[in-house]
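# What follows is a predicted protein model with its sequence.
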Amino acid sequence: GNSVTQMEGPVTLSEEAFLTINCTYTATGYPSLFWYVQYPGEGLQLLLKATKADDKGSNKGFEATYRKETTSFHLEKGSVQVSDSAVYFCALRSGGGADGLTFGKGTHLIIQP
Amino acid sequence: DAGVTQSPTHLIKTRGQQVTLRCSPKSGHDTVSWYQQALGQGPQFIFQYYEEEERQRGNFPDRFSGHQFPNYSSELNVNALLLGDSALYLCASSLGWEEQYFGPGTRLTVT
């Protein structure tokens, strides 16, 4: 079956540091890949997505590249801000689109000023 | 444009009781999916409704059931509540198979 593994948190960084949150997946076929963010007390918001191999999703300074050869979709940002503090979830949806999303356990990111 | 809305915000129930949670999709969306998010975990897919029928189901027992109405809103019903059903229940809507937009969730506590 499908599964997503992402690095355990919390991850604590100083403002303006470089961020990487690792995500690897197991899936049949050609899944679509997503990063969602959950701010305290709020629901999930789609941060970025990629639907095929070598695609790069980007939004708000965050980037992730769909690497089929390593089954990875690592999230990166060059310079984090305190406002980026949140829980980040990597997720996949099997090819065909009718399936629900499969999520990782989430990574709590804490940015200190 | 209202996004996905869910009610109630919080709910406390006793073991063995039944509960109904409600979701109104984002305007223009016709598909509703439900997820269970236990504390400190990622959301887990329960099921998806499209054209008033359950289209896909995750690994959840039959105690979890749902319904979609002609206006695309949806209900999640859980019977014979267990302590382990305590979680944040998230509703997501989409237009067909396009990206899902999530509501703020309903926090269910079973005592």
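Ah, there it is. Since the model is a prediction, treat every value here as computed from it, not as a measurement. Residues are numbered from 1 along each chain as shown, chains lettered A, B, ... in the order given.
# use CA for all of it now, contacts and neighbours both
Fine.
# Next, residue A:106: phi, psi?
For residue A:106, the backbone dihedrals (degrees, to the nearest 10) come out as phi 100, psi 150.
# And the nearest residue to it once chain neighbours are set aside, which helix or strand is it part of?
Excluding the flanking residues, the one nearest residue A:106 by C-alpha to C-alpha, 6 or more residues apart in numbering or on different chains is residue A:89, at 4.5 Å. If you go by DSSP states H and E, residue A:89 is part of strand A:86-93.
# Kindly spell out which helices and strands sit in contact with that strand.
In terms of contacts (3 or more C-alpha pairs under 8 Å, 6 or more residues apart in numbering or on different chains; DSSP states H and E), strand A:86-93 is packed against strand A:3-6, strand A:32-38, strand A:102-103, strand A:107-112.
# Show me which residues of chain A sit near chain B.
Contact residues, chain A versus chain B (C-alpha under 8 Å from any C-alpha of the partner chain): A:41-46, A:89, A:97-106.
# Please list only the buried members of those.
A:43-46, A:89, A:99-106 (16 or more other C-alpha atoms under 10 Å in any protein chain shown).
# Throw those into TSV and include pLDDT, thanks.
Shown next, in TSV, are those (pLDDT from 0 to 100):
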residue	pLDDT
A:43	85
A:44	92
A:45	93
A:46	94
A:89	97
A:99	70
A:100	87
A:101	92
A:102	93
A:103	96
A:104	96
A:105	95
A:106	96
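# Is it possible to get CSV of the residues you listed that adds distance to residue A:73?
Below are those laid out as CSV (distance: C-alpha to C-alpha, whole Å):
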residue, distance to residue A:73
A:43, 22
A:44, 18
A:45, 17
A:46, 15
A:89, 11
A:99, 19
A:100, 18
A:101, 15
A:102, 14
A:103, 13
A:104, 12
A:105, 15
A:106, 14
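# Give me the residues contacting the strand holding residue A:89.
Strand A:86-93 has contacts (C-alpha atoms under 8 Å, 6 or more residues apart in numbering or on different chains) with A:4, A:6, A:23, A:25, A:31-40, A:73, A:99-110, B:42.
# and if we set it to 7 Å?
A:4, A:6, A:23, A:31-40, A:99-110 (C-alpha atoms under 7 Å, 6 or more residues apart in numbering or on different chains).
# now do stretch B:84-100
A:97-98, B:4, B:23, B:25-26, B:28-39, B:101-110.
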